Each structure stands twice: as structure tokens, then as C-alpha cells.
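Novice: Provide a 3D model corresponding to the input given below.
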Amino acid sequence: LLVNDADAVLERYSRSMEGHISLAERGIKSKVDWEKRLAEIDAEAAGKDITADKALLDIGYKHITGQRITGDIDPNIDAALKMLRDYNYIRVGNLMGFAQLAELGPMLAEGGVLNFIRSVPEFKKIMIRARNGQLDDRLSNELESITGIGADRILHKTIMRNEHETLIGRNLGAKANKINNALEMGKKGTNYVSGMFMINTFMHRITMRGLAQRFVDYAGTGKSITARKLNSLGLSDKAMQKRVFDQLNKHAKTKEGMFTKRKLKHLDLDNWDDIGAQTAFSNAMYKWSRQVIQENDMGNLHKFFTNSYGKTLLQFRSFIFGAWSKQLLRGINENDMRTYAGWAGSMFFGSAAYVAQTHIRASGMDKSERRKYLKDALSDNMVAKAAFQRAGFMSLVPQGMDTALGFAGQDPIFNTRASGLSSGGMLSNPTVDLIARTQKASAGAIGAVLNKGEKFGEQDATNILNILPYQNMMLIKSIQDDLFKQLPKE
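Specialist: The predicted structure is shown next:
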């Protein structure tokens, strides 16, 4: 009743109703039904302490129905930490596009190189949305409609990002709300300048086309997908498999292509006459796409990640925690050549992205400094470390090794993060980095004023820049190198 923003109200209502409708389809039609289920679970536990399990179920219920998940955190602290994470994202997230490139390996391995080549002629249609909001390419439009994947620019529009957590004004006042709105716009800018929106959208859409083609190939020939893969996608039931493949054979439209006689044109999903099969296929595509181009799900992470303390402490680390089950353990379980090819490709593209990022970073340096920098940063040892660290399937391994070395008083060895942050173990995060860099910036600026004979130098200027928004954007780094080299080195 207190919110007068029509977009915010509509978005919150839609999110809540979508969750309640999905639960109703599974027999939970109201909060009363949910409480009855919890009571049944209590009865089945026969006196055992299941408080922790019920807490996890409560988090899931709130997440599905669009309710705020904060635990016992004070709303003011919750709101402040949210703005701090947003500021850090704008400050150091401007190279995230380079981190995304490592996932080209799994994309090509799972979707298929030939399927990728088949998609090249439709590239423009795949990437450009028409004036009516629909994609010109019918297949891409169908896949986006059933999964929501590839629609990042729509789903992350600032005006629609009105989750309970982002309603800062309720907790910290109108001025804080204005700051929050500016941060939301700044995050959107980071998503664009880092290339993450474009790269993520491209990889998701190409991947889904390749996976859909593999489904069609399997429906026609019985090849291309293993039984273990079908099981991991929720298609373990033989009867349901047959229903899905029957619908694909009946409705999917194909044409003869350069590499195949059955190049998929579109799925004709609107005309499927088996809704259960359509739902099973949609769920399978959703799961598979988010495995190949990793997107974390609620069940991938510990409940600590659902509150602001966990999100702040492990900012930019949730991906590697999710990769433990989504990439490493899943790959070991599937144990096939596509998995190993994806892992090798992830290391190759991760190292290639590191090399490209390093050359761009060195572009503003003078000749002698650039030569020395490239010699050190592009040594075989450093490129190999980058390949190892940036490959998603390695998950916690590089950070775990660096954490262990830290306890032994040794420097981290995998210091090649795309964000430029230190790789000093699991707890190395943007907030700690911001505090440390702010201290250095303050010491340099104040020391140059108070200490006689001390000059404001290049490093002092760099320290100040490092705490500002967009400080690690490539263009800004190049300008910085040109301007700051006029200052004293010491």
C-alpha cells in the first residue's frame, strides 16, 4: 500500500504469482497447504531435530514466492551492504567479459562445433531484437520464451529491478534510495562496458540452438545424447523420453543444411499437443543451458549465500562455489569425451582471454615498461596459471591452494583473476580490497600534504583511482597510464 511505483508493484506481484502458480501445480495452493506439508515432515521425522532442514525449505519457499530473505540481519545493515556490493561491482566488475570467455569451451563441446558453424548465417537474427521486442530468428525466440535464458537485457532493466532488497528508501531514507538508483544504473553500465551482457547473451543463444539440434538429432537417430545425460536433465523416465522425442519428430521443422540433412529451423512449440512433454523438454533445456554456460541456482549454494553477510563476504566467489557441483562433480559423473573436451576448451579460451587482456592492459605503457610487463605476465608459467584458474571446472581448487599457502605465509600463485583483485584465498573480496585501497589512497594524499619533502607520486594517484567507479575499465586504464606517468615514480 505504501509503494506508488506501478512498475515495482507489477513486477513484485508477477513474481509472487508465478511462484504461487508453480507451487499450486504441485499441490501447494496456499500458505496453509505449505504449513501442512511442514507438519507432515515433522511427523515423518519422528522426533528428530530437523530445524536446519526446515530453515532451508523456508528459504526455498520464500525465494519461489518472491519474499525477502534476510534471516536475522537488521534491514538497515542489509540495505547498506547491498549498496556496498553494488559499488564494488561498478568499481571492479568492468573486466567480467574476459572471465566469460572461458565458457566458450563447454559451449562448443556440448553444443557442437558444427552446430556453432550452422548458426553463423543467422547471427544477426540471433542477436538483434526487433522493435516489437521479439527476436527475428524464430528458433531463438522459441527457446528464449520457454527458458527465459538469453534475455538478460530485459530481465536486468533497472526499472524492473525492484526486489524487496533493493527498496532502500524504506530502510535508509529517500536520499539513500536516490543513491541506490544511481548504483543500479551504474551496474547496468558495467554490464555493457565489460561486454558481459553481449558475451553472455551470445553464448546462451548459440548454446541453446546447439542443444536443441542435439535433441532433434537424437529424436531421429537415437544418437548424440547419452542416457546419463538424459537422466541429469530430468528425463530419466523412458515413457517421458518417448513422449518428448515423439513431439520433436512430429512438430520440429528442419531443412537440409551444409553439414546435415536435418538442420533445425524451429520447434513449433505452440502446436505441441502433449503439454507434459513440452514442460519436460523446457525444463531439460533450462537445466542443460545453465550447466553449459553456468548460472547458479538456489540449490547450488549454502544458505549462507542467501543473506547479505554471505553475499558480501564471498562477492565474485559464488561462481566457483556453484561450479563445484555444476561443472566439476557433474563432469566426473558424466565421464564422457564431450565433458573432457569442454574442460580442455575452457582452459584454452581462459588462457587466450588472459593473453588478450594482458596485451590491452599494456597498451598505454611506454615501450620499455611494456616489454618488461609482457615478458613477466605472458611467461609460460603465468599463462598456464591463468588457464588453470579461469577454467570453470577447476572451481575451488586454485583458491583452495592459495588459501592454504596463505596460512603457510606464502604468496598466492594463481594471481590472474579477470577482475584484477588479489587471489589471496577464499576470503579475498572487493570489500576488503576497497578498505585496503582507501587506506593507501588516504595515506598518500594526506602524507603529501603533511610530510615535508614527500611528493604526490604516480602510485598515490593510482591508489586514489583504484577506489573510484569504473577504475579498471580498459579505456580508463590506458588514459591513466598516459597521465600518471608524468608524476614522480617515488
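
Novice: So which residue is smack in the middle of this protein?
Specialist: Nearest residue to the geometric centre of the chain (Cα atoms, centre = their mean): Glu295, 5.1 Å.

Novice: give me the low-pLDDT residue ranges for the stretch 51-200 of the chain?
Specialist: 70-72, 120-134, 152-174 (pLDDT under 70).

Novice: where do the helices sit along it?
Specialist: Per DSSP state H, counting those that start in this stretch, the stretch 51-200 of the chain carries helices over the ranges 51-64, 75-92, 96-100, 104-111, 113-119, 123-127, 138-147, 152-155, 169-172, 174-193, 196-221.

Novice: Packing partners of the fifth one?
Specialist: In this structure, helix 113-119 makes packing contacts with helix 196-221, judged by 3 or more Cβ pairs under 8 Å, 6 or more residues apart in numbering; DSSP states H and E. Yep, even glycine has a C-beta here, placed from its N, CA and C like the rest.

Novice: So which residues make contact with the helix or strand where Arg437 lies?
Specialist: Take DSSP states H and E as the rule and Arg437 turns out to sit in helix 430-450. The contact list for helix 430-450 (Cβ atoms under 8 Å, 6 or more residues apart in numbering) reads 84-85, 87-89, 91-92, 312-313, 315-316, 419, 421-422, 454-457, 459-460, 463-464, 466-467.

Novice: Strands of the chain, start to end?
Specialist: 253-255, 263-266 (DSSP state E).

Novice: what about these, which gets the closest to Ala176?
Specialist: strand 263-266 (47.6 Å; Cβ to Cβ).

Novice: Strand partners (parallel or antiparallel) of the closest one?
Specialist: strand 253-255 (antiparallel) (DSSP bridges).

Novice: now the strand it pairs with: mean pLDDT?
Specialist: Averaged across strand 253-255, the pLDDT comes to 88.

Novice: hang on, the earlier thing: looking at the strands of the chain, which is nearest to Thr403?
Specialist: strand 263-266 (45.6 Å).

Novice: What residues sit buried inside the closest one?
Specialist: For strand 263-266, a neighbour-count test (16 or more other Cβ atoms under 10 Å) marks Lys263, Leu264, His266 as buried.

Novice: Is it possible to get JSON lines of those residues that adds distance to Ile146 and pLDDT?
Specialist: Formatted as JSON lines, the buried residues of strand 263-266 follow (distance: Cβ to Cβ, whole Å; pLDDT from 0 to 100):
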{"residue": "Lys263", "distance to Ile146": "20", "pLDDT": "83"}
{"residue": "Leu264", "distance to Ile146": "15", "pLDDT": "86"}
{"residue": "His266", "distance to Ile146": "12", "pLDDT": "89"}
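
Novice: just those now: which is nearest Leu139?
Specialist: His266 (4.6 Å).

Novice: Return the set of residues that bridge with the closest one.
Specialist: With DSSP bridges as the rule, His266 is bridged to Lys253.

Novice: Okay, it and Leu211: tell me how far apart.
Specialist: Per Cβ to Cβ, to the nearest Å, His266 is found 15 Å from Leu211.

Novice: Also Thr226?
Specialist: Taking Cβ to Cβ, one finds Thr226 at 14 Å from Leu211.

Novice: Same drill for the two, tell me which one is more crowded.
Specialist: Leu211 (24 against 14; other Cβ atoms under 10 Å).

Novice: contacting residues around the more buried one?
Specialist: Neighbour list for Leu211: Glu110, Gly111, Met285, Trp288, Ser289, Val292 [criterion: Cβ under 8 Å, 6+ apart].

Novice: And those residues, which is closest to Ile50?
Specialist: Nearest to Ile50 among the contacts of Leu211, with distances taken as Cβ to Cβ, is Trp288, at 32.6 Å.

Novice: Can you read off the pLDDT for that closest one?
Specialist: 92.

Novice: I'd say it and Leu233 touch.
Specialist: Yes. With contact defined as Cβ atoms under 8 Å, Trp288 reaches Leu233; the gap is 5.6 Å.

Novice: ok, the two, which is more surrounded?
Specialist: Taking neighbours as other Cβ under 10 Å, Trp288 and Leu233 compare with Trp288 leading, 24 against 20.

Novice: contacting residues for the more buried one?
Specialist: Applying Cβ under 8 Å, 6+ apart, we find Trp288 in contact with Glu110, Leu211, Leu233.

Novice: Throw together a ChimeraX command that grabs the buried residues out of the contacts of Leu211.
Specialist: Entered in ChimeraX, the line below selects the buried ones among the contacts of Leu211, by 16+ other Cβ under 10 Å:
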select :110,111,285,288,289,292
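
Novice: Good, we can wrap up now.
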